[in-house]
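Student: need a 3D model of the following:
(chains A and B)
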There are 2 protein chains.
Amino acid sequence: MTDERIPVSDAKTAPHKVTSKQMADAIRVLAMDGVEKANSGHPGMPMGMADVATVLFSKYLKFDASRPDWADRDRFILSAGHGSMLIYALLHLTGYKAATREELSNFRQWGSKTAGHPEYGHMPGVETTTGPLGQGLSNAVGFAMAERHLASRFGDDLVDHRTWVIAGDGCLMEGISQEAIALAGRYQLNKLTVLWDDNAITIDGAVSLSDATDQLARFKAAGWAVKAVDGHDTSAIKKALAWATKQSKPSLVACKTKIGKGAATLEGSHKTHGAALGAAEIAASRLGMGWEHEPFDLPEAIEKAWKKVGKQGAKARKAWEARLADSAHADEFTRAMAGDLPAAAFEPLKAAIAQLVETKPAQATRQASGAALDQLFGAIPEMIGGSADLTGSNNTLVKGTRTYDAPDYEGRYVNWGIREHGMAAAMNGMALHGGVIPYGGTFMVFSDYSRPSIRLAALMGIRVVHVLTHDSIGLGEDGPTHQPVEHLAALRAIPNLLVFRPADTIEAMECWQAALQNRTGPSALALSRQKTAAVRLSASDTNLSAKGAYELKAASGEAKVTLFATGTEVPLALKAAETLEAEGTPTRVVSVPCFELFEQQDAAYQASIIGRGTVRVAVEAAVKQGWERFIGEDGAFVGMSSFGASAPAEVLYREFGITADAVVAAAKARL
Amino acid sequence: MTDERIPVSDAKTAPHKVTSKQMADAIRVLAMDGVEKANSGHPGMPMGMADVATVLFSKYLKFDASRPDWADRDRFILSAGHGSMLIYALLHLTGYKAATREELSNFRQWGSKTAGHPEYGHMPGVETTTGPLGQGLSNAVGFAMAERHLASRFGDDLVDHRTWVIAGDGCLMEGISQEAIALAGRYQLNKLTVLWDDNAITIDGAVSLSDATDQLARFKAAGWAVKAVDGHDTSAIKKALAWATKQSKPSLVACKTKIGKGAATLEGSHKTHGAALGAAEIAASRLGMGWEHEPFDLPEAIEKAWKKVGKQGAKARKAWEARLADSAHADEFTRAMAGDLPAAAFEPLKAAIAQLVETKPAQATRQASGAALDQLFGAIPEMIGGSADLTGSNNTLVKGTRTYDAPDYEGRYVNWGIREHGMAAAMNGMALHGGVIPYGGTFMVFSDYSRPSIRLAALMGIRVVHVLTHDSIGLGEDGPTHQPVEHLAALRAIPNLLVFRPADTIEAMECWQAALQNRTGPSALALSRQKTAAVRLSASDTNLSAKGAYELKAASGEAKVTLFATGTEVPLALKAAETLEAEGTPTRVVSVPCFELFEQQDAAYQASIIGRGTVRVAVEAAVKQGWERFIGEDGAFVGMSSFGASAPAEVLYREFGITADAVVAAAKARL
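Tutor: Numbering: from 1, shown residues only, chains lettered A, B, ... in the order given. All right, here's what the predicted structure looks like:
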């Protein structure tokens, strides 16, 4: 669809003879002024990359500033998020409605859309939240993966756009970048281009202080097309971007730039990186640029030239809208991009649950999760996912699913490779792109590897599902390096992340449903390696797991004891309750598949579950932290207080004292 | 010191004409048998790399099996830790005392030293805990860095050894490996050699399913010398290892191998990766190798040949001991390697604290940490550290410190680069090597990036110090991507990690002291970006912070209210107490610099601090999780329940309601 690439006039024919340099200077001045007003921020990168960004936006980026949500727009990702004034300036200059002069002058202030680092959901045109280095670049791989998949599903008359990334040295030094570029290289994502701000400067000084990597050779080794260019030579940049669009691989353009380009005395210095330049330096820089306007004021000609750029894509956008209107895929495409689930998304799942009440299978909850996927995958065609090389262990593959691969990207099973962090970041990019619902599997202990990206999903409020199997010492012989003990607590600590730990197949299915219905945040499913008994023995019309905690077994009389448990420890609680009941102590059992959803219930429901006044004991094969919410200061906790060990699972449960007998003893000690 | 390289006989002259192949087969059989007996484990890698390991141990590795703690031994690191039977077999065969036949046959059982993955501190000869992929390789960079530094400090007659790593495809796909190899390349660590088990197989099948990286080109781009070799050709392996020892850069030897080499029908299959081969396959494999012995039995000739290998290094070791005895550095070297601090390690710090009681400086606790370093760095010459490119922000540089760099590695300030994960893993390697006490700085939010290595430090029980600045919304304008809210809870959840959050300069110094005195685990210091008042106004003979929590201000009468706080929120608690006292409510304030050390105090002390029966309020600019330990079920918590925002710090504290007024109101609501 290269004929759709937006035709734009050369600088020489632009109105009032505005040059690329002048357009770039507008970015530079706005960046200086925004940071100066806030007395906080990073002017160096926007100034250094202003020329490249000007060429990209005015000649190559397919967008229409009046429609930031146009589904077939090119995605622009500022991976070097500290240079946020670059994107705010660009959105302002090209006429994004929300990017007002007022917003620019409120940079980094309470309530503004111009947060210190670009935040998804604040300012239209910001495609992803960046700042933690390497994340944007890795999100971009997910964007590009989603684009190729949707193009295969819906055709390239509806889906045919590029993903452009500006990344800095920091992005390239972070390990996640290796996972990302290896993924992109493997999948030949030729519509992905990274513009590397090769300014040879980091916060502490020269890049050479800490790095001697030949980045071009490194990207080439990962299967990328690579090229270096003078990042202040407009015509060379143009040629390089044209070259990038013609590659059969992902492309890296190393843009040799000077950080703080245009600063009167500090150009090229790491001092421009992370602080306001100061009034004197700014005045001198304005003088050097011949810029006579007040802060946030723009010369009319330059303003017009930029606004024209913002409108260039309107024609292509309208043509696309016409194609969509005519397409047989219109409804399905629109639904998928909106993130709405199919009307019958959960019908097969509900039917399966109805059967499970009868069959009561004893199986590992990772198998239960696989059974849930079996029901969901066919009913929700936008589900796409895989495993970080643990397919058989994570039970993430629905039989018969085609593998995602080049050149036909229609497959929905992704071999993520041994790259938990890159997987999680790419999942974020896929979810942000829209039209797909990504999931990824690994061992729960390795959620530590992907944690920065899980956090960002929670911060952005996007729907991704992490399938985390082998969720306790119950994995056995692999030992403490592989046994999560603190991970449930650590994940529960992240705001806006739903952490599920289902106890059996029905709960696993309910949790999957709740995760997919949670449109405003990510979910993590903690799943057992080891087999566990069915605990839900009767039918329910409602999704009990979605309440977060619920009474699984009532006491025989007025309850004297409440036992709380999750996952594979629920059967222990049930067994302990049986013993206590047999001894004449009315005991209830509460299953707690999701702390966070429980907190969303009303106070009366919460109180009814918590059971104050009863002796309270919680059992979970993990650290106690967070359980005080349920058991109070005087309740007992049966769980872990150290790392695990290498031995068969049943030995470990016994040796670490996580048994029904221990639960009974803890309750009795308090009766 | 190449003349110290152990001279060993060629296979043809070995006793009873034992061949390399036969010696390698001994590893293969032990690996098959150990995994079979446990019915759990990974035979494929040990079998595939048996030939390489045999050449390494018999011809190149400098070691003496009778002295696993010989300080100048070569370090052997099995980064692909799932292949643990490889190292257990090697230690057994070469005669390490602890690696008994019984241990081998108790592989992966409760109480054995032969854990599922190699664990530091269990079996002598295991230099680091591996299993989480990429960690061993990255530890190795720290080992090699420490070796070069100590060689510069003590001379190469005392320190001159190599670090050898066996790494798999998984290690190389993990992003941390990029950080590690870039560090090694930058610092020209020529005594580091990675033997890559290039078997083209991962758990899910062929490497090509998920990766197409040209690893040799990638390592070359990072500044490594690279070579490929047939991993089953003994003579080619010998040449390659000889080549590696002659490089002026770190070296990668790609060993092309067949996974499960020697397995009768499964050789080359991913089915040998992670499960017992089964009796029939093992019997057939034995037949193929001409191996007629029972499980764990060894043919005498092969046993003797291997035992001889284990003794080869004795001569070099004795010569080294003689040199040490004659060395002027003997005491200092021995002390440093033992991990003992100098007798006067804390004298300057104590003198500084005595002054601080007078001067009461108001400064950010990151500056306080810098002030502590100023006092410690001269007194403890084995301290070596730096920052992940945030030197000025982390206050990790003591003025006048030389930079760690090639070719003279005596400098003690490390430019870690933008590589939090690689930094943390290399710190672990340095601590494991011994002779140095490593520290590293970054923003606290990026502890998520380094978390897997922090966890391993805690699991191994090694002394590393993480300097985590910008510890709350108090960092202000950089916004929620950079503001930790869940990180205190998430770090506190890790067993055996001390998490400190000092309130002022005296507490910061006390916390640093406690961290350095904590020889059995890592520490993390949470430090503020923003200025904060001095709270410790009187002198104390004891390190109050080392108690974890202590009464900073007593109530004027019988206490009605107890306020708990950490770090920059302690002044808020003090102000709130002042208000409450003025209103006639006796109020005490407890500072809680370290949850974990508080848990180590006796019950009476804990009870005296907790103040049950008083109204309890905690204030910390972070999530509540974990604070119930102090405030019970009915206490109040003033803190965060969501992510932060981008705005000046004082605005954020006000908008998120973390104020002295809020603390007062919370207390009053409960009085």
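Student: what sits against the spatially most central residue of chain A?
Tutor: Geometric centre of chain A, nearest residue: A:Asn428, 2.8 Å, by Cα atoms, centre = their mean. Residues counted as contacts of A:Asn428 (Cβ atoms under 8 Å, 6 or more residues apart in numbering or on different chains) are A:Thr128, A:Gln135, A:Asn139, A:Gly142, A:Ser453, A:Leu456, A:Ala457, A:Met460, A:Ile462, A:Val464. Quick note: C-beta positions are derived from backbone N, CA and C, even for glycine.
Student: same thing but 10 Å
Tutor: A:120, A:128-129, A:135-136, A:138-139, A:142-143, A:438, A:453-454, A:456-457, A:460, A:462, A:464, A:522 (Cβ atoms under 10 Å, 6 or more residues apart in numbering or on different chains).
Student: do the same with A:Pro118
Tutor: By Cβ under 10 Å, 6+ apart, the contact list for A:Pro118 reads A:77-78, A:81-88, A:91, A:125-131, A:136, B:479, B:481.
Student: just to revisit the earlier point, any idea how far the residue nearest to the centre of chain A lies from chain B?
Tutor: 13 Å (Cβ to the nearest Cβ, to the nearest Å).
Student: might one say that A:Lys553 is in contact with A:Ala503?
Tutor: No - counting by Cβ atoms under 10 Å, A:Lys553 does not reach A:Ala503; the two are 11.9 Å apart.
Student: higher neighbour count, those two?
Tutor: Neighbour count, other Cβ atoms under 10 Å in any protein chain shown: between A:Lys553 and A:Ala503, A:Ala503 has more, with 30 against 19.
Student: now name the helix or strand holding that one.
Tutor: Assigned by DSSP states H and E, A:Ala503 belongs to neither a helix nor a strand.
Student: where does it land on pLDDT?
Tutor: A:Ala503 is assigned a predicted lDDT (pLDDT) of 98.
Student: over to the one 4 residues further on?
Tutor: Looking at A:Glu507, its pLDDT stands at 98.
Student: what does A:Ile87 give?
Tutor: pLDDT, read off for A:Ile87, is 98.
Student: so it belongs to a strand, correct?
Tutor: No - A:Ile87: not assigned to a strand; according to DSSP: H, G, I helix; E, B strand; the rest coil it is helix.
Student: for A:Trp110, give me its contacts.
Tutor: B:Glu477, B:Ala645, B:Ser646, B:Ala647, B:Pro648, B:Val651, B:Leu652, B:Arg654, B:Glu655.
Student: same thing but 6 Å
Tutor: B:Ala647, B:Val651 (Cβ atoms under 6 Å, 6 or more residues apart in numbering or on different chains).
Student: now swap in A:Gly639 and tell me
Tutor: By Cβ under 6 Å, 6+ apart, the residues touching A:Gly639 are A:Glu620, A:Ala622, A:Lys624.
Student: who wins on neighbours among those?
Tutor: A:Ala622 (30 neighbours).
Student: what's the closest non-adjacent residue to that residue?
Tutor: A:Leu488 (4.6 Å; Cβ to Cβ, 6 or more residues apart in numbering or on different chains).
Student: got a list of contacts for the helix or strand containing that neighbour?
Tutor: Using DSSP H and E, the element containing A:Leu488 is helix A:487-492. By Cβ under 6 Å, 6+ apart, the residues outside helix A:487-492 that reach it are A:Met444, A:Ser447, A:Val499, A:Ala524, A:Phe595, A:Ala622, A:Val623, A:Gln625, A:Gly626, B:Ala490, B:Ala493.
Student: just those residues: which are in strands?
Tutor: Counting by DSSP state E, the contacts of helix A:487-492 place A:Val499, A:Ala524 in strands.
Student: against chain B, how distant is A:Arg162?
Tutor: Applying Cβ to the nearest Cβ to A:Arg162 and chain B gives a distance of 22 Å.
Student: around chain B, pick out the residues from the stretch 151-300 of chain A.
Tutor: Within reach of chain B by Cβ under 6 Å from any Cβ of the partner chain, the stretch 151-300 of chain A has these residues: A:170, A:173-176, A:178-179, A:182, A:185-186, A:202-204, A:209-214, A:217-218, A:221-223.
Student: rerun that using 7 Å as the cut-off
Tutor: A:170, A:173-176, A:178-179, A:182, A:185-186, A:202-204, A:209-214, A:217-218, A:220-223 (Cβ under 7 Å from any Cβ of the partner chain).
Student: cool, thanks, signing off.
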